[in-house]
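Visitor: Sequence and predicted structure below; questions after.
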Amino acid sequence: MGLLDKAIAWGEKKSPWIIHFNAGACNGCDIEVVDALTPQYDLERLGILQQGSPKHADVLVCTGAVTLQTRDRLKQIYDQMSTPKFVVAVGTCACTGGIFDSCYCVTGGIDTVVPVDAYIPGCAVRPEAIIDAVGKLLATLDQKEAKGK
Amino acid sequence: MNTEETILALNKRFPALEATSARPLRIFTAFAAPEEFEKTLQYAFSKLDYHKGKHIVGTDEGENIGLSYILSNDENVLLVLRERVPKSAPHVRSMGELFPSLMLHEREMVDLFGVQVSGLPEGPNYPLPDGWPEGEYPLRKEWNPAYFNKQTMTYEPPKEEDAK
Amino acid sequence: MSDRNQNERNNKVVVPIGPQHPSLKEPGSFKITLDGEKVERAVVEIGYNHRGIEKACESRNYIQALYIIERVCGICSHAHTLCFCQAFEELAGLEVPRRAHYIRGIVGELERLHSHLLWLGVAAHEIGFDTLFMYTWRDRELVLDLLARIGGNRVNYGVNTYGGVRRDLEPELMQDILHVCDLLEEKLKYYADLALTETTLIARLKGIGVLTPDDVRKYSAVGPVARAAGIEGDVRVAEPYGVFKEIAVNVITDDHCDVYGRTLVRVKEMLEAIRLIRIMVAQIPEGPISVRAPRKLPVGEVLSRVEAPRGEDIHYIRSTGTDMPDRVRVRAPTEANWHGMSHMLEGFQLADVPIIIAAIDPCYSCTDRAIHLIGDGINQLTDWAQIRALSIEQYKSRGIDPGSIKVREF
């Protein structure tokens, strides 16, 4: 792993910037994602900041079963992110389509459109589970860095 | 005008309507042809003050499609007036001039049941996405999502090389 | 209506510019035609979250359908299941026990609290008052913890079932509910005072997004949006259901007809919710929490409605005598309020767009939606975050900066 790659990996591990996208959810998981950023759970102390633009984000936090209306936009947001990038599917619907699987207009989970790195099941996902998943993701980045050495 | 008064007025003016009420604040009526329906709606709006357009329920009635308009007045009575058109020629007119809030639901009838509503202003369809194939009306009973999903839901996710 | 369409076609032609993504054509959101800084016309497009719920219910039995109905909206899931259960119970001729009505009422009012607190935080965030956003969402945690103890989950609490409720309230839990009410009341009174006296807030919210009583009538708006125009519409009073047949609700109205009015209505409704919860906890009768429900419904159709936090929620069920609904139809309150949205935006400034939209309390996922701006020399797609940032900047330059309001420590 070259010096630049190491720097990127370190920057990511220390302070991943996330973008939150609702692919067709009922908002249950969305409000828990936002909750994870508020004082009680406070993801910000882990260096995680929410970004408005895909271009500045490292991690795409996605909720909801993907609907026909949003799947192109999801792919587009993913494409706009610069590498390395990671996708976290938050909620049962995002993992597999959940209760809406087999509904017309629902493609399925997030991984029917973009590759997913972490799946967090739950309906709705508890903020603790989100923090746990983020922690595991950071640990994976650590491993990648270690491998690179 | 409360529930009983509304029923009396409607049945007197439009006996074929058979307005009934199983409980307070609910009035259901029989399905009618579009012309009769429009007259009743106009009457309910202007003479009985049912000025609130609450909702439209589209139903598959076998060979026909039913549109049930749910109206309300200042006394909170829910009045259901209904029209029925054949699936082979599902033409109705928009009631948007009287009930602008119901135009969104009329668009739903267009998308989900294949009803042709004339008089709707130009605008995006709702709620189905752009590119939804013609002739596929999800809420018709004969429409099968399993068959449809197989054809449209497959999607090429980006390959690993492109992604990373 | 058709005149305006003509106008748009003649003077402001939408020409795509820049790098083209075919899928970016209309993510489905707001197409705003500008005249300088003023919104001349706004076209609102929705349909993002259309998942095909109504069709799904037709191939599921009533028990399964209830789970889907709960997830129509994650913020007011109890209101939706309550409405649906009521519809089922009416058609089945079930008499729900009084204790169940009270439990449903308590959970319903707790839901109203968490929903309005969520709204208050989101609205504060839209105008750059992030301190209040953090405070209200922290206050919400108290309510969510209670809901988790009652139903087992912070969101989608699954308390309702056909014939009553699934969980009972122990005396200790009821004491804790009262304790949380006391804590929250102190904070809510402070927020109410802030809304009534803080000049920066008032300057920021007053006079925008106006919907007069005539507009409310024309567009059939419901909930706090209608009540902020002085209209006393509340299903708990118009058609009392459940516990509200025994307990009278004070309907909160306001005469401002604008975003400020909607803020006041929601804050006061939270205080009213606390008052109602206290009465319900004090008066809750002993007894069973549910009656046995049949699997099949008799032939017939039914309309049911409840007062969800956002307004009147209407459900329709048609049964052909089996254990699967023949037709399910849901009209969530936000659907009624969208109609007046274009009207509310027109004539106001671009900088006011975020808070006007937020003030009808649409589903939270709205914040992702793109905004398409058209005007002299402008034809661009922008996103919510940019409009929000722009609006905060613009107001700051006029000396109105909610971000600088000092909030007391609790």
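Guide: Structure received. Numbers count the residues shown, from 1 in each chain, chains lettered A, B, ... in the order given.

Visitor: immediately after the helix or strand bottoming out on mean pLDDT in chain C, which helix or strand?
Guide: Sorting the helices and strands of chain C by mean pLDDT, DSSP states H and E puts helix C:2-11 at the bottom, at a mean of 43. Sequence-wise, the next helix or strand downstream of helix C:2-11 (DSSP states H and E) is strand C:30-35.

Visitor: Does anything pack onto that next one? Which helices or strands?
Guide: Counting by 3 or more Cβ pairs under 8 Å, 6 or more residues apart in numbering or on different chains; DSSP states H and E, the packing neighbours recorded for strand C:30-35 are strand C:38-44, helix C:353-358, strand C:370-375. Using the backbone N, CA and C atoms, a C-beta is placed for each residue, glycine as well.

Visitor: So which residues of the chain form strands?
Guide: Using chain A here. For chain A, the strands defined by DSSP state E cover A:17-22, A:49-50, A:59-63, A:66-67, A:86-90, A:106-108, A:118-120.

Visitor: that's the wrong chain, I wanted chain C
Guide: Assigned strands in chain C, in chain order: C:30-35, C:38-44, C:160-161, C:164-165, C:300-308, C:311-319, C:327-331, C:370-375, C:378-383 (criterion: DSSP E).

Visitor: Turn those into TSV, including distance to C:Ala65, mean neighbour count and mean pLDDT.
Guide: Shown next, in TSV, are the strands of chain C (distance: least, Cβ to Cβ, whole Å; neighbours: other Cβ atoms under 10 Å in any protein chain shown; pLDDT from 0 to 100):
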stretch	distance to C:Ala65	mean neighbour count	mean pLDDT
strand C:30-35	33	20	80
strand C:38-44	29	20	81
strand C:160-161	12	24	96
strand C:164-165	18	25	97
strand C:300-308	14	23	96
strand C:311-319	9	24	96
strand C:327-331	7	22	94
strand C:370-375	33	19	70
strand C:378-383	36	15	72
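
Visitor: quick one: which of those is nearest C:Glu185?
Guide: The closest of the strands of chain C to C:Glu185 is strand C:300-308. By Cβ to Cβ, the value is 21.3 Å.

Visitor: Is any residue of that closest one near chain A?
Guide: No - with Cβ under 8 Å from any Cβ of the partner chain as the criterion, chain A is not reached by strand C:300-308; the gap is at least 13.4 Å.

Visitor: taking the mean pLDDT, what do you get for stretch C:135-145?
Guide: Within the predicted structure, the mean pLDDT of stretch C:135-145 is 93.

Visitor: how many neighbours does the residue in the stretch 1-150 of chain C that chain A sits nearest to have?
Guide: Of the stretch 1-150 of chain C, the residue with the smallest distance to chain A, taken as Cβ to the nearest Cβ, is C:Gly74 at 2.6 Å. C:Gly74 sits with 25 neighbouring residues when counted by other Cβ atoms under 10 Å in any protein chain shown.

Visitor: For the closest residue in space to it that isn't next to it in sequence, give me its contacts.
Guide: Closest residue to C:Gly74 apart from its sequence neighbours, by Cβ to Cβ, 6 or more residues apart in numbering or on different chains: A:Gly28 at 2.6 Å. When contacts are counted by Cβ atoms under 8 Å, 6 or more residues apart in numbering or on different chains, A:Gly28 touches A:91, A:123-124, C:71, C:74-75, C:77, C:155-156.

Visitor: same check, this time on C:Leu211
Guide: C:219, C:221, C:225, C:228-229, C:257-258, C:340, C:343-344.

Visitor: one step back: which among the contacts of A:Gly28 gets closest to C:Leu184?
Guide: Nearest to C:Leu184 among the contacts of A:Gly28, counting by Cβ to Cβ, is C:Ile75 at 17.9 Å.

Visitor: next one: phi and psi at that closest one?
Guide: Summarising the backbone geometry of C:Ile75 under the convention degrees, to the nearest 10, its torsions are phi -90, psi -40.

Visitor: Distance of it relative to C:Leu205?
Guide: As defined by Cβ to Cβ, to the nearest Å, C:Ile75 lies at a distance of 22 Å from C:Leu205.

Visitor: what do you get for C:Gly399?
Guide: In this structure, C:Gly399 and C:Leu205 are separated by 15 Å, where distance is defined by Cβ to Cβ.

Visitor: who has more neighbours, these two?
Guide: A direct count of neighbours by other Cβ under 10 Å for C:Gly399 and C:Leu205 places C:Leu205 higher, at 25 against 8.

Visitor: max-length helix in chain A?
Guide: helix A:127-148 (DSSP state H).

Visitor: quick check: angle from that one to strand A:59-63?
Guide: With axes from the mean of the first three to the mean of the last three Cα atoms, to 10 degrees applied, the angle from helix A:127-148 to strand A:59-63 works out at 150 degrees.

Visitor: tell me what helix A:127-148 is packed against?
Guide: By 3+ Cβ pairs under 8 Å, 6+ apart, helix A:127-148 packs against helix A:3-14, helix A:28-36, strand A:86-90, strand A:118-120.

Visitor: Chain B: which of the contacts of A:Gly28 is nearest?
Guide: C:Arg71 (16.8 Å).

Visitor: Can you tell me the closest non-neighbouring residue to A:Gly98?
Guide: Across the structure, with Cβ to Cβ, 6+ apart as the measure, the residue nearest A:Gly98 apart from its sequence neighbours is A:Thr92 (3.9 Å).

Visitor: got a list of what the one you found touches?
Guide: Counting by Cβ under 8 Å, 6+ apart, A:Thr92 has contacts A:98-99, A:121-123.

Visitor: Worst mean pLDDT among the helices and strands packed on helix A:127-148?
Guide: When the helices and strands packed on helix A:127-148 are compared on average pLDDT, helix A:3-14 comes out lowest at a mean of 57.

Visitor: Filtering the contacts of C:Leu211 by proximity to chain B, which remain?
Guide: Restricting the contacts of C:Leu211 to those touching chain B (Cβ under 8 Å from any Cβ) yields C:Tyr219.

Visitor: For the contacts of C:Leu211, point out the one with the lowest pLDDT.
Guide: C:Gly340 (83).

Visitor: which residues in the stretch 51-200 of chain C form helices?
Guide: Across the stretch 51-200 of chain C, reading from the start of the chain, the helices by DSSP state H, counting those that start in this stretch fall at C:53-58, C:62-70, C:77-92, C:98-126, C:130-151, C:171-197, C:199-205.
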